[in-house]
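In: let's see this in three dimensions:
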Amino acid sequence: MKLSAILFAIFLLLNLPKLALSNTDSELLPFPESPIKYSQTRTDYDRESVTGLTPYKGPIIDTHAHYDAGQIDQAEFDKFDKLFESNNIKYAFFMPVPNEGLYLKGRKKGNDFGEYERSLLLKASNRIKTLCSSNYISNWLHDSYNDGRDSTLDSRLERLQRDIDSGNCIGIGEVSNYHFNKSPSHKRPQHIISYPLNFKPLHKFIDVIVENNTWLVLHIEPVTRGGESYEEQYFSGLELLFQKHPNLKLILAHTGMTNPENVEKILRQYPNVMMSLKLIKKPSKRWINIESINNNDFEVFNDWAMLVGKLPERFLIDSDAKFGRKGRKNFGRYEELIENFRNFLGSLSPESARLVAYENAERLWNLK
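Out: Prediction:
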């Protein structure tokens, strides 16, 4: 046998678990036509906003926060309970960021957002709940779609089931299929996730999620910072999700990152969809071509306030807080965010404000 053949055989043996499976059309489901006639209106940051409000003072359930699993700070953990109590946060839901799967290199063994981080968070405060699993789903699906699928799908599906069975995961997220570079700085670009919602391995994960009657938090960006539209894939993809998984319980992170006209159409078309409300700091610099609910002064736009007031039972609070990151004033930023949420909630009727602030989350997760 020639040396080259021997070396090639050794290469195959060493790389067999990671060999890419060819990504052909057989890996993609056909997209159905979306029943939604969507608008491609982009954000006008000069439009009217809600001002002069009496802040809402009741409890809040923050359904969307993060902890950087690579920066364990016990002193910060010890302060969580006081932070949430002083800001009247009834519960805070922590989950891995969509790109958590990229941050595993260079960390100590097991130091991703897995069992260890969840256990620390859950011990830190009885006000903390955790969502799971994006750390081994989102980036893997991106790599599988763009570079060819490896042979670890079954083991990832088994891990997902174990996470759900642990009883420590009240949902799965924050999973993403389109997560583009929104940063205005070339020095700190965001990592890109890009694969379509008709990618078959994604639906394998959703099968497990639906079978276990748990919530999926999904982050989809319909337009890039440069203006490239993925809206056709976005809306056809949503229709595909519910055609294949009619019992899917879905939360679109950050109000689906589309305009209020489209959000209302989505909510009326798909009764199992909830939207989480995120406030953005200086959105005109950071969120280009995707919709923010507020202007640069943290004032919520009138059209968004009117939509939330019209369908208050479909919205949740989403701080998207990033705790544990060095160099950030994490607690101060969080208190500022909650203060601005209270100002926004003050624009709603008392009944609607309570629904959005905490009653919807209590209902969905049976929390008291």
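
In: next, the nearest residue to residue 237 once chain neighbours are set aside: secondary structure please.
Out: Leaving aside its chain neighbours, residue 237 sits nearest to residue 197 (2.8 Å; criterion: CB to CB, 6 or more residues apart in numbering). The way it works is simple: take the backbone N, C-alpha and C, and place the C-beta from them, glycine included. Three-state assignment for residue 197 (DSSP: H, G, I helix; E, B strand; the rest coil): coil.

In: can you count the residues close to residue 197?
Out: Residue 197 sits with 23 neighbouring residues when counted by other CB atoms under 10 Å.

In: for residue 222, see how far away it is.
Out: Distance from residue 197 to residue 222, counting by CB to CB, to the nearest Å: 12 Å.

In: and for the two, which residues touch both?
Out: residue 234 (CB atoms under 8 Å, 6 or more residues apart in numbering).

In: where does the protein have its least confident helix or strand?
Out: The weakest-scoring helix or strand in the chain, judged by mean pLDDT, DSSP states H and E, is helix 3-15 (a mean of 47).

In: follow-up on the earlier one: for the residue nearest to residue 237, grab phi and psi.
Out: Main-chain dihedrals, residue 197, degrees, to the nearest 10: phi -70, psi 0.

In: just checking, it touches residue 235?
Out: No - here residue 197 does not reach residue 235: they are 9.8 Å apart, not a contact under CB atoms under 8 Å.

In: just the helices in the stretch 251-368 of the chain please.
Out: 260-269, 283-286, 302-310, 330-345, 350-354, 360-365 (DSSP state H, counting those that start in this stretch).

In: those: lowest mean pLDDT?
Out: With a mean of 82, helix 283-286 has the lowest mean pLDDT of the helices of the stretch 251-368 of the chain.

In: which strands and helices lie in contact with that one?
Out: For helix 283-286, there is no helix or strand it packs on, judged by 3 or more CB pairs under 8 Å, 6 or more residues apart in numbering; DSSP states H and E.

In: help me confirm that residue 178 comes into contact with residue 222.
Out: Yes - at 7.2 Å, residue 178 and residue 222 qualify as touching, with contact defined as CB under 8 Å.

In: list residues touching both of those two?
Out: 230, 234.

In: residue 340 contacts residue 298, correct?
Out: Yes - using CB under 8 Å, residue 340 is in contact with residue 298, at 4.3 Å.

In: what's the overlap in contacts for the two?
Out: residue 279.

In: residue 37 and residue 304: what is the separation?
Out: The value you get for residue 37 to residue 304, if CB to CB is used, is 20 Å.

In: element containing the residue minimising distance to the centre of the chain?
Out: Centroid check for the chain by CA atoms, centre = their mean gives residue 174 as the closest residue, at 3.4 Å. Here residue 174, judged by DSSP states H and E, is contained in strand 171-179.

In: and the next helix or strand past that strand?
Out: strand 193-194.

In: residues in contact with that following strand?
Out: So strand 193-194 is contacted by 98-99, 138-139, 141-142, 145-146, 176-180 (CB under 8 Å, 6+ apart).

In: and what of stretch 278-297?
Out: 42-43, 45, 49, 64, 182-184, 221-227, 253-255, 257-260, 277, 298, 300-301, 304, 318-320, 337, 340-341, 344.

In: now, of those, which are buried?
Out: Buried by 16 or more other CB atoms under 10 Å: 43, 49, 64, 182, 221-225, 253-255, 257-260, 277, 298, 300-301, 304, 318-320, 337, 340-341, 344, out of those.

In: quick one: low-confidence parts of the stretch 151-300 of the chain?
Out: 184-188 (pLDDT under 70).

In: confidence score at residue 76?
Out: 77.

In: in PDB, list the C-alpha atoms belonging to the helix or strand it falls within.
Out: In this assignment (DSSP H and E), residue 76 forms part of helix 74-86. The C-alpha atoms that make up helix 74-86 are tabulated as PDB, following Å, rounded to 0.1, in the frame of the first residue of the first chain:
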ATOM      1  CA  GLN A  74     -19.200  34.900  42.900                       C
ATOM      2  CA  ALA A  75     -19.500  38.400  44.300                       C
ATOM      3  CA  GLU A  76     -22.000  39.200  41.500                       C
ATOM      4  CA  PHE A  77     -23.900  36.000  42.100                       C
ATOM      5  CA  ASP A  78     -24.200  36.900  45.800                       C
ATOM      6  CA  LYS A  79     -25.900  40.200  44.900                       C
ATOM      7  CA  PHE A  80     -28.500  38.900  42.500                       C
ATOM      8  CA  ASP A  81     -31.200  38.400  45.100                       C
ATOM      9  CA  LYS A  82     -30.800  41.900  46.500                       C
ATOM     10  CA  LEU A  83     -30.800  43.400  42.900                       C
ATOM     11  CA  PHE A  84     -34.000  41.600  42.000                       C
ATOM     12  CA  GLU A  85     -35.700  42.400  45.300                       C
ATOM     13  CA  SER A  86     -34.900  46.100  45.200                       C
END
